[in-house]
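Trainee: what's the 3D shape of this:
(4 chains)
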2 protein chains.
Amino acid sequence: MENKYELVERELKEKILAGVYAINDKLPTESELMATYNVSRYTVRRAVGDLENEHYVYRIQGGGIFVDDWQNVRQTPLKSKVIGVITTHIADYIFPNIITGIDRYISSEGYSILISNTQNNPEKERKSIQKMMESNLDGLIVEPTQSALDNPNKDLYQQLQSSDLPTLFINAHYPDLSFPYVEMNDFEGGKLVTEALFNAGHHQILGIFKIDDSQGVHRMNGFVKAYQERNELALMSEIVMYQSTDNMHAIFSKLEQILLRQDRPSAIICYNDQLAIQVIDLIRSLSLKVPEDISVMGFDNYQLSQYISPKLSTVEHPKEKMGRDAGKLMLKMIEKKETPASIIYSPELVMRDSVKEIK
Amino acid sequence: MENKYELVERELKEKILAGVYAINDKLPTESELMATYNVSRYTVRRAVGDLENEHYVYRIQGGGIFVDDWQNVRQTPLKSKVIGVITTHIADYIFPNIITGIDRYISSEGYSILISNTQNNPEKERKSIQKMMESNLDGLIVEPTQSALDNPNKDLYQQLQSSDLPTLFINAHYPDLSFPYVEMNDFEGGKLVTEALFNAGHHQILGIFKIDDSQGVHRMNGFVKAYQERNELALMSEIVMYQSTDNMHAIFSKLEQILLRQDRPSAIICYNDQLAIQVIDLIRSLSLKVPEDISVMGFDNYQLSQYISPKLSTVEHPKEKMGRDAGKLMLKMIEKKETPASIIYSPELVMRDSVKEIK
DNA sequence: ATAAATTTGTGCGTATGTATC
DNA sequence: GGATACATACGCACAAATTTA
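Mentor: This next block holds a predicted model:
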């Protein structure tokens, strides 16, 4: 059976929730409530005291009982205005720029970033997702880990999908999940770079691609596609594939063998600028020159790329803009509760000094 | 004046906190408490009821009053295993490395980072601190904004000091706050760089220092100190000071005037590597050469510094290690509830190619 | 196993203190 | 200053759950 104070409490709460009493409205005095419900002062005070603890009302001595800002107060512990961001790395390569972009947009709207990185390790990704799911977030932005492989955390992502936590992907996405995403058109990028080298007179090109993330796979597919469209050259292409877990030494020694061949390729397309910088170092160590002996291209227009010598030719990656756009989409998802369309950037060449024209 | 129920409440709470009553121990009955404190049943029930709301005790009808598992229960909703990090920038310069260092240590202990940047703007710093204070953090790591100026957010920092949120500073600290900190010995750094240039035969040195953060001021003071110890050279020193809010154009045109003088300095010490890189660009644009015409040194051993040409001579900044150490101290503060000693790193020179020996 | 005693929960009436209007 | 309204505090009665005899 419902106690008397529970009855009074329930009735008052219902009136507040229904809007009979708006925020900061004055409720009846204790004496009036005693009369209305025909209960003692103790009962009224007990009921109102409970409501006060639950932040439905506040009391002012000598003033009265008033409706608290229960909509906000109650939601503060839930809606923390925090957006989770899971990336493979925090500080390496182009990730700081992306994170800055996200921060720049969402912080102007009062949101903050809860950050976690996976170091491209699916187990750490799992922990990161679990942590994020427990963290009362308003939204979650994920750069997928090893996006080209079968992801062992799909169960968690599916949980996310059926929850109402707005989630979106950047840089890549898992194809069998339906979250919106913001990414480069890496297939076109791979094609564009290859065609640029064709146009510079290169026919024998080596592509080195990381194939455990989908960016690498798409870039490689673009490379292949470009050769397919120039069928007469196809035999001259060459591909080295690797995964993040591979020992880079092995890859470089394989590469070394290729570079020391008589019929070595005249150009190398690298999975990204970070790799390209290492490859240029390797080429130098073999007493070969870039671009005189071998041309090199990368992807992502990493900040360092314009400081090394020769300045690296590459493909633009919007980085900070991508972050801002992801932030924008995220706030749309949070505030308008709509599922926005994904954004895909078209690639643009950034030609500098690492490619030689040959005839 | 303390009310009766407050007195009873306080005494009971103190006994619980002191361990007089352990978890699940039975407290005296209401009747016994009435006798002990010579108060009415209402007063006892009020006091115990409050303690129940605060999760210090639980009551079983007919059974008695028992000590709740207040250590865990109180902390579970609070302890989110999140550490707030406020920096001036997220992705620029050496900050990604510091943040990575923090993350690397604390994430292995299951903590995450809630990040917020101030862009060196005290108003944004204020918002960041407020956001952090509302965010149920376990700890807070702050890189102070404009640490050499009078900070308008001192009230908030004082609130933090009197709260029990573990807080520590990195890179610099506000001198009148007693939080522990992790930072470089920038005074010694400034002295070291200046003396290194003395040793390379440079007597006429220009120092360019940002003076709204304490790092810049300390580096400048070290520069001054080195000249003081070589009194005969003091007249040949020259200093340009600026603040983050200053227009860099104005500073560079001032610098240009100095560089075009007949008796221009033979070396420039720059507030940090970022500035040094810009200064080298400026020197080049005046058709002067580094280090042949002018030697340049910076601070912080920014990653880019070894890629530009000439490779920049600078002072080591532990960056990632600083982050890891800050994380370590923070977890000590959180878990052992002790206030650890601050860490101050001694400076070390990183000599590369931007300084010429002259005789 | 049952009854009695104990202990907390609910509820009322009253008195006094203190802040607000 | 006076009226009003919430805050503190005491005493009492009975209900409900637990413990103990």
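
Trainee: List the residues that contact the residue nearest to A:T29 when sequence neighbours are not counted.
Mentor: Distance criterion CB to CB, 6 or more residues apart in numbering or on different chains; nearest residue to A:T29, sequence neighbours excluded, is A:G64 at 6.2 Å. C-betas here are computed from N, CA, C, even on glycine. Counting by CB atoms under 8 Å, 6 or more residues apart in numbering or on different chains, A:G64 touches A:K26, A:L27, A:T29.

Trainee: how close does A:G64 get to B:Y21?
Mentor: Separation of A:G64 from B:Y21 (CB to CB, to the nearest Å): 39 Å.

Trainee: And A:V8, by the same measure?
Mentor: Applying CB to CB to A:V8 and B:Y21 gives a distance of 35 Å.

Trainee: neighbour-wise, which of the two wins?
Mentor: A:V8 (24 against 19; other CB atoms under 10 Å in any protein chain shown).

Trainee: Do I have it right that the more buried one meets A:A47?
Mentor: Yes. Judged on CB atoms under 8 Å, A:V8 makes contact with A:A47 at a distance of 3.8 Å.

Trainee: per-residue confidence at A:K79?
Mentor: The confidence metric pLDDT takes the value 51 at A:K79.

Trainee: quick revisit: now, of the contacts of A:G64, which are buried?
Mentor: Burial by neighbour count, judged by 16 or more other CB atoms under 10 Å in any protein chain shown, picks out A:L27 from the contacts of A:G64.

Trainee: Now for A:I102: which residues touch it?
Mentor: With CB under 8 Å, 6+ apart, A:I102 has these contacts: A:I83, A:V85, A:I113, A:I141, A:G323, A:R324, A:A326, A:G327.

Trainee: wait, what's in contact with A:L260?
Mentor: With contact taken as CB under 8 Å, 6+ apart, A:L260 is in contact with A:L286.

Trainee: Got the phi and psi for A:L286?
Mentor: Main-chain torsions, A:L286, degrees, to the nearest 10: phi -100, psi 10.

Trainee: what's the burial count for the residue in chain A that DNA strand C sits nearest to?
Mentor: In chain A, the residue that lies nearest DNA strand C is A:G62 (2.2 Å; CB to the nearest atom of the strand). Neighbourhood size, A:G62 [other CB under 10 Å]: 5.

Trainee: Roughly how far does it sit from chain B?
Mentor: 17 Å (CB to the nearest CB, to the nearest Å).

Trainee: measure that residue to A:E123 for me?
Mentor: For A:G62, the distance to A:E123 - CB to CB - is 61 Å.

Trainee: Toward the C-terminus from the worst-scoring helix or strand of chain A on mean pLDDT, list the very next helix or strand.
Mentor: Taking mean pLDDT, DSSP states H and E as the measure, the helix or strand of chain A with the lowest value is helix A:70-75, at a mean of 60. As assigned by DSSP states H and E, the chain's next helix or strand after helix A:70-75 is strand A:82-87.

Trainee: buried residues in stretch A:14-31?
Mentor: Residues A:I16, A:Y21, A:L27, A:P28, A:E30 are the ones in stretch A:14-31 that count as buried (16+ other CB under 10 Å).

Trainee: Would you format these as a markdown table with pLDDT included?
Mentor: A markdown table is the format used below for those (pLDDT from 0 to 100):
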| residue | pLDDT |
| --- | --- |
| A:I16 | 81 |
| A:Y21 | 82 |
| A:L27 | 84 |
| A:P28 | 84 |
| A:E30 | 84 |
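
Trainee: thinking again about what came up before, element containing the residue of chain A closest to DNA strand C, please.
Mentor: Using DSSP H and E, A:G62 sits within no helix or strand.

Trainee: What spatial separation is found between it and B:Y5?
Mentor: In this view, A:G62 and B:Y5 are 20 Å apart by CB to CB.

Trainee: since we're on the nearest residue to A:S178 once chain neighbours are set aside, how many residues are nearby?
Mentor: Take A:S178 and drop its neighbours on the chain: the residue closest to it by CB to CB, 6+ apart is A:Q161, 6.8 Å away. By the measure other CB under 10 Å, the count of residues near A:Q161 is 14.

Trainee: Please identify the helix or strand for A:Q161.
Mentor: Using DSSP H and E, A:Q161 sits within helix A:154-162.

Trainee: what's in contact with the one helix or strand A:K124 maps to?
Mentor: Assigned by DSSP H and E, A:K124 belongs to helix A:122-133. By CB under 8 Å, 6+ apart, the residues outside helix A:122-133 that reach it are A:84, A:86, A:114, A:116-118, A:140, A:142, A:145-146, A:151-153, A:156-157, A:159-160, A:163, A:165, B:81, B:110, B:112.

Trainee: tilt between it and strand A:82-87?
Mentor: For helix A:122-133 against strand A:82-87, the angle by axes from the mean of the first three to the mean of the last three CA atoms, to 10 degrees is 170 degrees.

Trainee: Go ahead and measure how far stretch A:176-185 is from the middle of the chain.
Mentor: 10 Å (CA atoms, centre = their mean, to the nearest Å).

Trainee: Please list the residues outside it that contact it.
Mentor: With CB under 8 Å, 6+ apart as the criterion, stretch A:176-185 contacts A:142, A:154, A:157-158, A:160-161, A:167-173, A:215, A:218, A:317-318, A:322, A:325-326, A:329, A:333, A:339-347.

Trainee: Can I get it in PDB? Just the C-alpha atoms.
Mentor: Coordinates of each C-alpha in stretch A:176-185 appear next as PDB, following Å, rounded to 0.1, in the frame of the first residue of the first chain:
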ATOM      1  CA  ASP A 176      28.800  -3.900 -42.700                       C
ATOM      2  CA  LEU A 177      27.900  -1.300 -40.100                       C
ATOM      3  CA  SER A 178      25.600   1.500 -41.100                       C
ATOM      4  CA  PHE A 179      27.000   4.400 -39.200                       C
ATOM      5  CA  PRO A 180      27.600   7.600 -41.100                       C
ATOM      6  CA  TYR A 181      31.200   8.400 -41.900                       C
ATOM      7  CA  VAL A 182      33.600  11.100 -43.000                       C
ATOM      8  CA  GLU A 183      36.500  10.000 -45.200                       C
ATOM      9  CA  MET A 184      38.600  10.500 -48.200                       C
ATOM     10  CA  ASN A 185      37.800   8.800 -51.500                       C
END
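
Trainee: For chain A, which residues are neighbours of DNA strand D?
Mentor: A:27, A:29-31, A:41, A:45, A:59-65 (CB under 7 Å from any atom of the strand).

Trainee: show me what contacts A:L275?
Mentor: A:I208, A:K210, A:G298.

Trainee: immediately after the one helix or strand it maps to, which helix or strand?
Mentor: Taking DSSP H and E as the definition, one finds A:L275 inside helix A:273-285. Downstream of helix A:273-285, the first helix or strand assigned by DSSP H and E is strand A:295-297.

Trainee: Counting by contacts, list what that following strand packs against.
Mentor: If you count contacts as 3 or more CB pairs under 8 Å, 6 or more residues apart in numbering or on different chains; DSSP states H and E, strand A:295-297 packs onto helix A:186-199, strand A:267-270, helix A:273-285.

Trainee: Neighbouring strands - and their directions - for whichever helix or strand comes after that strand?
Mentor: Proceeding N to C from strand A:295-297, the next assigned helix or strand is strand A:314-315, under DSSP H and E. Applying DSSP bridges to the sheet, strand A:314-315 is found paired with strand A:349-350 (antiparallel).

Trainee: contacts for the partner strand?
Mentor: For strand A:349-350, using CB under 8 Å, 6+ apart, the contacting residues are A:L192, A:V193, A:A196, A:N301, A:S313, A:T314, A:V315, A:E316.

Trainee: Give the rounded mean pLDDT of it.
Mentor: pLDDT averaged over strand A:349-350 gives 96.

Trainee: Any stretches of the stretch 201-350 of chain A with poor pLDDT?
Mentor: Across the stretch 201-350 of chain A, not a single residue meets the criterion (pLDDT under 70).
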